[in-house]
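Asker: Structure of the sequence below:
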Amino acid sequence: MNNTSMLTAKLATMSYDKQHMIQAGAEHYEVNSKQFYIMKIKDVTHIIIRGTEFNDIKDIWTNIQIKFKKTTNGKIHTGFEKAALDIHKLIYKKIKNTKINKLVISGHSLGGAIALLLATKLKKYKPTVYTFGAPNICNKEFRNNHRDIITHNFKNCGDPIPRLIFWMSTIGDEYYLEHNGTITKNPVFFKFRHWFHFSLKLDHPSRTYYNAIQKTRKNHGS
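Answerer: Numbering: from 1, shown residues only. Have a look, this model is predicted:
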């Protein structure tokens, strides 16, 4: 568990508080109700995508569009792809003439799903992606065609959101966090073990992910 896991989990939590992020030095942007931030920390450029605001009808509409369209790389979630395209157009204008030493893209929930697809459009910058409680976004063909993107998908064992689109997949490695502070990487059967034991209130909030990763780090002495 590296330091970037903790940092991006903290930034994902902070992204729901615009003023807090701005005070921390982040630049805030919004396109079609999708909010994100660009922030430079040392030599790393961070793009943080805010997750779902449940009082925002556009966010909810993006989530419930469980339709997948076929691309040359495989099938992807229509709503998440539309949001990623919108954000990419704006981000590319901001960074195309900027020297980027290292790019990290992160997000919680909907923000994580968009972050994954945004990374496929910014491949030339060799991004690393961190997601927290993100739903599945693609089929296995699309996943396999983007194995070169370094991705860390954290999923709480009792979080229902990552398992909603259970018949589809995601990009990169998956890390399942247990309540006792243990972590399992890319398990075969783990995701079904807690199928009937989940809580949106207790296991999905971004703060819960920050606390779970902090607990895991203490247990592993890192």
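
Asker: Could I get the full set of strands for the protein?
Answerer: Ranges of strands in the chain, per DSSP state E, are 27-31, 34-41, 44-49, 68-71, 74-77, 102-108, 128-132, 150-156, 173-177, 183-185.

Asker: Residue 107 reaches residue 114, doesn't it?
Answerer: Yes - at 6.1 Å, residue 107 counts as touching residue 114 under the criterion of C-beta atoms under 8 Å. Heads up, the C-betas are built off the backbone N, CA and C, glycines and all.

Asker: Low-confidence stretches in this protein?
Answerer: For the chain, the stretches with pLDDT under 70 are 1, 53-65, 189-197, 221-222.

Asker: tell me the centre residue of it?
Answerer: Centroid check for the chain by C-alpha atoms, centre = their mean gives residue 112 as the closest residue, at 1.9 Å.

Asker: Please tell me how far that residue sits from residue 159.
Answerer: 11 Å (C-beta to C-beta, to the nearest Å).

Asker: so who does residue 202 touch?
Answerer: 158, 208 (C-beta atoms under 8 Å, 6 or more residues apart in numbering).

Asker: do that again at 10 Å, thanks
Answerer: Going by C-beta atoms under 10 Å, 6 or more residues apart in numbering, residue 202 touches 156, 158, 159, 179, 208.

Asker: Ok, residue 207 next?
Answerer: 9, 10, 12, 13, 16, 108.

Asker: could you dump those to TSV with neighbour count and distance to residue 47?
Answerer: Converted to TSV, those look like this (neighbours: other C-beta atoms under 10 Å; distance: C-beta to C-beta, whole Å):
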residue	neighbour count	distance to residue 47
9	24	15
10	18	15
12	29	12
13	20	16
16	18	16
108	34	13
